[in-house]
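Colleague: Okay, structure incoming, though there's no sequence with it:
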């Protein structure tokens, strides 16, 4: 892990590795870490990577990522690996992939879709393509691109 | 198919389409659905589809309950779609549903305890119209394969076009021309799943002499940003005697109806005008479908 030359090892927490170059701050916003939570946080951007050329790394001390947070990350950065660290050792190394079905999280861009017009019809998307990300509404089949997903998740 | 819903034309395979065509053309069972109840839930107005389903159900011996607009239901009092569907699925053995929102039929089928037939959901799909269309072609030509099709008009917002393309894709048409103004081209999510050979063209004159089947849909004024844009394209997609006379002998002009003025009424007398015959075949193919799903004996 090349980023260790810049930031020292963490004792307990999560290392998010192999983040596409320049996306670390985006991922932090997605999982709602602002820096005010009290976690010791390191963001390393544009470090060398054998696999990716350049990459970003995030280290969060005191927090193990939950399934929901991993799902959000997988949608916008499927290359990421999640390392769970306890007592300075990586006890779990998880490769992630976007969920095949994404329920409730995203809004269908089609205003005439039933999911935008009936309080009981909740949104559901199927994964069509991982890279570049492409989702399709399970009800009206309208496509949702990776850019649209990021905009929605960031509330833009 | 017994007990299954039909939400998209892509859910039926070629064998299933052909089974239904054969059943429809020689239907001779006597009231096989006696004692069954078909619920017609038309949240959006309809004439042909509603009446042909009602006629089909009654000819099969089933009873029909239902409504034809939101205004006459508790939806007008604020009841949501889910509650209406749950109520109806406890009364009827099958629900035929039309709704103005895309994906409404699929949503309804996730709540209903009985099969749901999509009779049109917004601008998404209308699979039983595709059944009527292909059945009409099958009756006329003896098959679907090897013919040249021209789909003309509003290809972007037409649910009948979406379903027709998906149904045609189960067969082997020689060629499908998609004829529309550039702003009304078929949506990408439909096109990219098709395997059939298609070509998008802007003018009917370019291909009219090749067509075996010309399928006309209405260009809707409300789809254009301004009146000027609409007026510019409106007449290029009007099918008149001159256009029809350029078609091959033995070819047909079809339309899901209702038409407004996209087919000149003087075309009605031409032997290629097939749209009224097409509408008349709706009852028998819908009979075959209802009988199949409800497992009539």
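Modeller: Right, received. Where do you want to start? From a predicted model like this one, the values you see are computed outputs, not experimental measurements.

Colleague: The residue of chain A found nearest chain B: what secondary structure?
Modeller: Closest contact between chain A and chain B, by C-beta to the nearest C-beta, is at residue A:139 (2.7 Å). Every C-beta, even on glycine, is put in place using the N, C-alpha and C of the backbone. At residue A:139 the chain is in coil, as set by DSSP: H, G, I helix; E, B strand; the rest coil.

Colleague: what's the neighbour count on the residue nearest to it when sequence neighbours are not counted?
Modeller: Nearest residue to residue A:139 in three dimensions, chain neighbours excluded: residue B:103, at 2.7 Å (C-beta to C-beta, 6 or more residues apart in numbering or on different chains). Applying other C-beta atoms under 10 Å in any protein chain shown, we find 31 residues neighbouring residue B:103.

Colleague: Now do the buried residues in the helix or strand bottoming out on mean pLDDT in chain A.
Modeller: Least confident helix or strand, chain A: helix A:67-76 with a mean of 85, by mean pLDDT, DSSP states H and E. By neighbour count on 16 or more other C-beta atoms under 10 Å in any protein chain shown, the buried set for helix A:67-76 is A:69, A:70, A:72, A:73, A:74, A:75, A:76.

Colleague: now stretch B:82-101
Modeller: Under the neighbour-count criterion of 16+ other C-beta under 10 Å, stretch B:82-101 has B:82, B:84-85, B:88-89, B:92-101 buried.

Colleague: Intersect these with the contacts of chain A.
Modeller: Among those, the residues lying close to chain A (C-beta under 8 Å from any C-beta of the partner chain) are B:82, B:99, B:100, B:101.

Colleague: how about these in CSV, adding pLDDT?
Modeller: Converted to CSV, these look like this (pLDDT from 0 to 100):
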residue, pLDDT
B:82, 93
B:99, 94
B:100, 92
B:101, 94
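
Colleague: Residues of chain A that sit close to chain B?
Modeller: A:110, A:112-115, A:117-121, A:136-143.

Colleague: In PyMOL, how would I select the buried members of these?
Modeller: Selection of buried members from the residues of chain A next to chain B for PyMOL, criterion 16+ other C-beta under 10 Å:
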select buried, chain A and resi 110+112+113+114+115+117+118+121+136+137+138+139+140+141+142+143
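
Colleague: these two touch, right, residue B:1 and residue B:15?
Modeller: No: if you go by C-beta atoms under 8 Å, residue B:1 and residue B:15 don't touch, sitting 10.8 Å apart.

Colleague: okay, the two: which has more neighbours?
Modeller: Remark: of residue B:1 and residue B:15, residue B:1 carries more neighbours, 16 against 9, as counted by other C-beta under 10 Å.

Colleague: Pull the contacting residues for the more buried one.
Modeller: Shown in contact with residue B:1 (C-beta atoms under 8 Å, 6 or more residues apart in numbering or on different chains): B:12, B:16, B:292, B:293.

Colleague: go with 10 Å
Modeller: By C-beta atoms under 10 Å, 6 or more residues apart in numbering or on different chains, the contact list for residue B:1 reads B:11, B:12, B:16, B:19, B:20, B:115, B:289, B:292, B:293, B:294, B:295.

Colleague: Show me what counts as buried in the helix or strand harbouring the fifth one.
Modeller: For residue B:20, the host element (DSSP states H and E) is helix B:14-25. Taking 16+ other C-beta under 10 Å as the basis for neighbour counts, the residues of helix B:14-25 that come out buried are B:17, B:18, B:20, B:21, B:23, B:24.

Colleague: Quick one: the strands in chain B, in order.
Modeller: Here chain B has its strands, by DSSP state E, at B:37-42, B:63-67, B:94-99, B:116-121, B:148-152, B:175-179, B:198-201, B:213-216, B:252-254.

Colleague: Now tabulate these in CSV and tack on distance to residue A:7.
Modeller: Below are the strands of chain B laid out as CSV (distance: least, C-beta to C-beta, whole Å):
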stretch, distance to residue A:7
strand B:37-42, 61
strand B:63-67, 66
strand B:94-99, 55
strand B:116-121, 53
strand B:148-152, 60
strand B:175-179, 56
strand B:198-201, 54
strand B:213-216, 64
strand B:252-254, 69
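
Colleague: Against residue B:143, how distant is the nearest residue to residue B:19 once chain neighbours are set aside?
Modeller: Among residues not flanking residue B:19 along the chain, residue B:292 sits closest, at 7.8 Å (C-beta to C-beta, 6+ apart). For residue B:292, the distance to residue B:143 equals 21 Å [C-beta to C-beta, to the nearest Å].

Colleague: about what we covered before: restricted to strands, list the residues of chain A next to chain B.
Modeller: A:136, A:137, A:143.

Colleague: For the first one, list each beta-bridge partner.
Modeller: I take that to be residue A:136. Beta-bridge partners recorded for residue A:136 (DSSP bridges): residue A:126, residue A:143.

Colleague: residues in contact with the residue of chain A closest to chain B?
Modeller: Going by C-beta under 10 Å, 6+ apart, the list of residues near residue A:139 reads A:108, A:110, A:113-116, A:121-125, B:7, B:101-107, B:110, B:121-122, B:124.

Colleague: what's the span of stretch A:85-99, first residue to last?
Modeller: For stretch A:85-99, the separation between the terminal residues is 24 Å (C-alpha to C-alpha, to the nearest Å).
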